[in-house]
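**Student:** 3D, please:
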Amino acid sequence: MKPLRRRCRTLAKNDVRNNIKLTSVDDLFTTEEGRAEQQLEKVIDVPLTEISDFPNHPFKVKADEAMLEMAESIKQYGVLVPGLLRPKAEGGYEMVAGHRRKMASKLAQRKTMPCIVRELDDDQATIIMVDSNLQRENILPSEKAFAYKMKLEVKKRQAGRPSNNSPQVAANYRSDDDVAKEMGISGDTLRRYIRLTELIPPILEMVDEKKIAVSPAVELSHLAEKEQQELYETMQSEDCTPSLPQAQRMKKLSQDGRLSVDVIFSILTEEKPNQKEKFNIQRERIDRFFPKSFSEKQKEDLIIQLLESWYKKRRHEQER
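**Tutor:** So this is what the prediction gives:
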């Protein structure tokens, strides 16, 4: 091997004199494994005290049952998937992906967490943070709303500075449709979720708690902040929430400048069709009394006729 290495160095010197540019001798004798190792990102243990959260992180990190289970797992096996950090100019690190693992590590009384440190600009970090969290199974409407909005803002900035070989320009490029396609949803769905970011926090929390459905919540997001606050207080005092048609009416009244706290109260306290008490009878209990040829309408008419006959008979007996 040594004679071969010396021969290569001699040839390399001759090539330099002849202005021929070749791979260095050391590179020639570097193994493929060695070159790959140099390119791999290293996993290092970083003190939790040196890791700050991502600014305006839209995903909620709570000490719920799932978090406690993760903490217990970390106690036994450690953090199996490293977090992703980026260095901060003033020192320390900023979490890009791994906020839940960080909290679970704290609950498990760990001092450090295995992480990969990567140089990322704001837009790159935002995209990774959003995409990595959207892989989770259970995501709240508010989390989707703010995550979609953050990613959309990045896409709009990038659309404003297209590459030289890209035909996209900010004037005719729909960033929201692009983001929606990446998320596997329609542009309308994306825009509806982003509308939820216009809700005041207590109403948005009711959406997360499934007390208000997304569709009426989108309509309510068009109300002014003061109107939303009055709506929230009325919902709390009357223990009710608006249906989609009621939310649409409030939106229209707000746009017309005619939505007041009294109007909100009047609309909310209306009896909704789905709030009317229903009387149900199991079909198998009554079908045997009707001919098979009877339609549902004929069955209903006969039941009403028999009830009226029974009522008249009973009333006649009471008058005796």
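
**Student:** the helix or strand where R100 lies packs against which elements?
**Tutor:** In the assignment (DSSP states H and E), R100 maps to helix 99-107. The contact analysis (3 or more C-beta pairs under 8 Å, 6 or more residues apart in numbering; DSSP states H and E) places helix 99-107 against helix 65-77, strand 112-117. C-beta: built from backbone N, CA, C; applies to glycine.

**Student:** tell me the angle of that helix relative to strand 112-117?
**Tutor:** Calculated by axes from the mean of the first three to the mean of the last three C-alpha atoms, to 10 degrees, helix 99-107 forms an angle of 150 degrees with strand 112-117.

**Student:** point out the most buried one among the helices and strands packed on helix 99-107.
**Tutor:** strand 112-117 (a mean of 20; mean count of other C-beta atoms under 10 Å).

**Student:** I'd like to know which elements whichever helix or strand comes after that strand is packed against.
**Tutor:** On the C-terminal side of strand 112-117, the nearest following helix or strand under DSSP H and E is helix 122-133. Counting contacts by 3+ C-beta pairs under 8 Å, 6+ apart, helix 122-133 packs against strand 83-87, strand 93-97, helix 141-159.

**Student:** looking at the helices and strands packed on helix 99-107, which is closest to Q135?
**Tutor:** helix 65-77 (14.9 Å; C-beta to C-beta).

**Student:** what's I267 sitting at in phi/psi?
**Tutor:** Backbone torsions for I267, taken as degrees, to the nearest 10, come to phi -70, psi -40.

**Student:** likewise for I51?
**Tutor:** Backbone phi and psi, for I51 under degrees, to the nearest 10, turn out to be phi -110, psi 120.

**Student:** flag the shaky bits of the stretch 151-300 of the chain, pLDDT-wise.
**Tutor:** 160-174, 272-280, 282-284 (pLDDT under 70).

**Student:** now with 80?
**Tutor:** 158-175, 271-285, 287-288, 292-293, 296-297 (pLDDT under 80).

**Student:** so for T234, which of the helices and strands packed on helix 99-107 sits nearest?
**Tutor:** For the helices and strands packed on helix 99-107, proximity to T234 was assessed by C-beta to C-beta; helix 65-77 is nearest, at 33.4 Å.

**Student:** report all helices and strands that that closest one contacts.
**Tutor:** Going by 3+ C-beta pairs under 8 Å, 6+ apart, helix 65-77 lies up against helix 99-107.

**Student:** in stretch 48-55, what counts as buried?
**Tutor:** 51, 54 (16 or more other C-beta atoms under 10 Å).
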